[in-house]
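J.: this is a predicted model, with the sequence first.
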Amino acid sequence: MLIKTKAIVLTSIKYAEADLIVKCLTQEGVKSYLIRSIFKSKSKKLKIGYFQALSQLDISANHNKQGNLNKITEVRVSYLYQSLATNIYKQSIALFLAEVLAHALKEEEKNPLQFSFIETSLQWLDQHDSYANFHLIFMFRLTKYLGFYPDVDNSEAPYFDLEEGTFQSTKPFKNFLYGKKLILFKSIIGIKFDDIETLKWNSEARQGTLDILLQYYEFHLPGFKTPRSLKVLKEVFNEIS
């Protein structure tokens, strides 16, 4: 069936000598595509440059129902990144979040609110100059669309149970936050991207919060893996106080 949809590239992997397997979040759900001979083709319709991590595209594609790889027939850029394409700090965020999304997004079903959140969030990152904590707010807010947004009732309690996703008055048996870590975690509750400058964090606080969020994801997403680009992200952002 021929489908026209917006798509956000999650991963692209070379296959055989000249083919490319591309995994995308589309308005129809997460889909994978096999693009044959793209490394040899001189066609202007399908070029390697379209399929960089987090590229935002309009595609025409044949979606099958047999679980096989789908086929893209036509593609064009739906949103052309400006600073995201040249800023090394934003690039490191983009590569990291592409890995997070590739591990986290498994659903084949449509999720229009999730797609819209990811699409507009990445455009916000491209358009703004204050972004040091963007990936933290993004990961926290994404949990709402993944189904494990923290229950913020009783948020004045001294403990947060990472496995249950709830604040607790009594100390959980294991895997919980308290003290300084709890303060960091609570500080991003309700924060929107436009409020990003209210988080006056140094690199230590930023990295501590990221470690908490990754741990939280691991508890709630079976098979979730820490992105390989985490080391690069931390090294880059060590330069930002």
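T.: Yep, it's here. Numbers count the residues shown, from 1 in each chain.

J.: number of residues surrounding Y89?
T.: If you count neighbours by other Cβ atoms under 10 Å, Y89 ends up with 16. All C-beta spots, glycine's among them, are computed from the backbone N, C-alpha and C.

J.: how about the nearest residue to it, chain neighbours excluded?
T.: V236 (5.9 Å; Cβ to Cβ, 6 or more residues apart in numbering).

J.: what average pLDDT does whichever strand or helix holds the one you found get?
T.: Following DSSP states H and E, the helix or strand that holds V236 is helix 230-237. Computed over helix 230-237, the mean pLDDT rounds to 86.

J.: on that earlier part again, any idea how far the residue nearest to Y89 lies from V9?
T.: With the distance defined as Cβ to Cβ, to the nearest Å, V236 ends up 21 Å from V9.

J.: ok, which stretches of the chain are helices?
T.: If you assign secondary structure with DSSP state H, the helices in the chain sit at 88-104, 112-127, 134-146, 179-186, 203-220, 230-237.

J.: to A18, which of these lies closest?
T.: Closest to A18 of the helices of the chain is helix 88-104 (Cβ to Cβ; 22.9 Å).

J.: okay, now the residue nearest to Y89: neighbour count?
T.: Under the neighbour criterion other Cβ under 10 Å, V236 is assigned a count of 17.

J.: wait, it sits on I88?
T.: Yes: applying Cβ atoms under 8 Å as the test, V236 and I88 come out as touching, 6.7 Å apart.

J.: what are the contacting residues of the strand ranked longest in the chain?
T.: In the chain, assigned by DSSP state E, the strand with the most residues is strand 2-15. For strand 2-15, the external contacting residues (Cβ atoms under 8 Å, 6 or more residues apart in numbering) are 20-28, 30-31, 34, 39, 50-63, 73, 78, 98, 101-102, 105, 115, 118-119, 122.

J.: just the buried residues of the residues you listed.
T.: Neighbour-count burial (16 or more other Cβ atoms under 10 Å) is assigned, among the contacts of strand 2-15, to 20-28, 30-31, 34, 50-51, 53-57, 59, 61, 98, 101-102, 105, 115, 118-119, 122.

J.: what's the local residue count around F148?
T.: 16.

J.: could I get the contacting residues of it?
T.: Neighbouring residues of F148 by Cβ under 8 Å, 6+ apart: 165, 216, 220-221.

J.: reformat those residues as JSON lines; add neighbour count, pLDDT and distance to I137.
T.: Rendered in JSON lines, the data for the contacts of F148 read as follows (neighbours: other Cβ atoms under 10 Å; pLDDT from 0 to 100; distance: Cβ to Cβ, whole Å):
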{"residue": "G165", "neighbour count": "17", "pLDDT": "96", "distance to I137": "18"}
{"residue": "Y216", "neighbour count": "23", "pLDDT": "97", "distance to I137": "14"}
{"residue": "H220", "neighbour count": "17", "pLDDT": "96", "distance to I137": "18"}
{"residue": "L221", "neighbour count": "18", "pLDDT": "95", "distance to I137": "19"}
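
J.: just to revisit the earlier point, just the ones of the contacts of strand 2-15 in strands?
T.: For these, secondary structure assignment (DSSP E) places 20-26, 30-31, 34, 56-62, 73, 78 in strands.
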